[in-house]
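> quick one: sequence plus predicted model below, questions after.
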Amino acid sequence: MTCTWASNLMGTLASGSPDSSGYCGAGISFTEGTHVITLLAMDEEGNEGSATVNLIVTDPLNTDDDFDGMTENGGDCDDADATVYYGAAEACDAKDNDCDGLVNETFTDTYDSGSSSNNSISAAYSLGEFSSGALWKSGKVSLAGLTLHTSADEDWFFFEAEDELFQNLDLSVTLSGVPSGAIYTLRALRHKLLPLLSVAQGLRLGLGHPQGRV
């Protein structure tokens, strides 16, 4: 007796005689796809018998396990995280979101200017003026969405008090949701503010150029 294994995609896979126990098997590495596998057996008198089975073979690296629209073979460097795939927007989350081998390298938060961080007074985010028609005149201003994504990241903010009467300000800054033990610097760039400047817990006071802004 002879037995022959065949695939509609790969042709004849193996052919030979069964062993003494009647086992007729073969070790085959299949290509990816949907195979129709046929086993044909023929005895010495030419009598034949056959059976077929459908076999679906997939490469696990071609499966989108996290449903982000990209597989590992397609460039997903972490197929268990839907926020990580080739070309994803970089986020401040200590992950290589865009799979380029770098972490947080292009991330800018709400208060960063364009594609560059506002890490200088020239790129600082304006909070408005103390004057007629001002964005705000007194009270509290709250900023949400601020992130410091690397140890070198700096976010600068300023406001203006054009009237001499408003230059003597009682300024208090409070940070929330910051890492334990972190130290942040509050820079007063107009020296007239210093007598009334109060520094909240977690901040340290630094002095800048007197011709600048807070």
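Perfect, thanks for sending it. Numbers count the residues shown, from 1 in each chain.

> where does this structure dip in pLDDT?
Filtered on pLDDT under 70, the chain yields the residue ranges 105-123, 129-140, 145, 147-154, 159-173, 178-179, 181-214.

> could you rerun that using 50?
114-115, 132-134, 166, 191-214 (pLDDT under 50).

> all strands for it, in order.
In the chain, the segments counted as strands under DSSP state E are 2-7, 11-16, 33-42, 48-57, 125-129, 157-160, 184-188, 203-207.

> domain map for the chain?
2-57, 63-107, 121-207 (automatic domain parsing).

> is it possible to get CSV of the strands of the chain that adds distance to Asp98 and mean neighbour count?
All C-beta spots, glycine's among them, are computed from the backbone N, C-alpha and C. Formatted as CSV, the strands of the chain follow (distance: least, C-beta to C-beta, whole Å; neighbours: other C-beta atoms under 10 Å):
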stretch, distance to Asp98, mean neighbour count
strand 2-7, 40, 18
strand 11-16, 42, 13
strand 33-42, 31, 15
strand 48-57, 31, 10
strand 125-129, 25, 14
strand 157-160, 28, 17
strand 184-188, 28, 16
strand 203-207, 33, 12
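
> got the ones you listed as CSV, with distance to Gly25 columns?
CSV is the format used below for these (distance: least, C-beta to C-beta, whole Å):
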stretch, distance to Gly25
strand 2-7, 8
strand 11-16, 8
strand 33-42, 10
strand 48-57, 13
strand 125-129, 71
strand 157-160, 73
strand 184-188, 69
strand 203-207, 74
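
> any idea which of those strands gets closest to Thr174?
strand 203-207 (8.5 Å; C-beta to C-beta).

> was I right about Ile37 contacting Val53?
Yes. With contacts defined as C-beta atoms under 8 Å, Ile37 counts as touching Val53 at a distance of 5.1 Å.

> picking that back up, for Ala89, which of the strands of the chain is the nearest?
With respect to Ala89, and counting by C-beta to C-beta, the nearest of the strands of the chain is strand 125-129 at 20.8 Å.

> list the helices and strands that closest one packs on?
Packing contacts for strand 125-129, counted by 3 or more C-beta pairs under 8 Å, 6 or more residues apart in numbering; DSSP states H and E, involve strand 157-160.

> what is the burial count for Pro29?
Not Pro; residue 29 is Ser. Summarising burial for Ser29: neighbours were counted as other C-beta atoms under 10 Å, giving 7.
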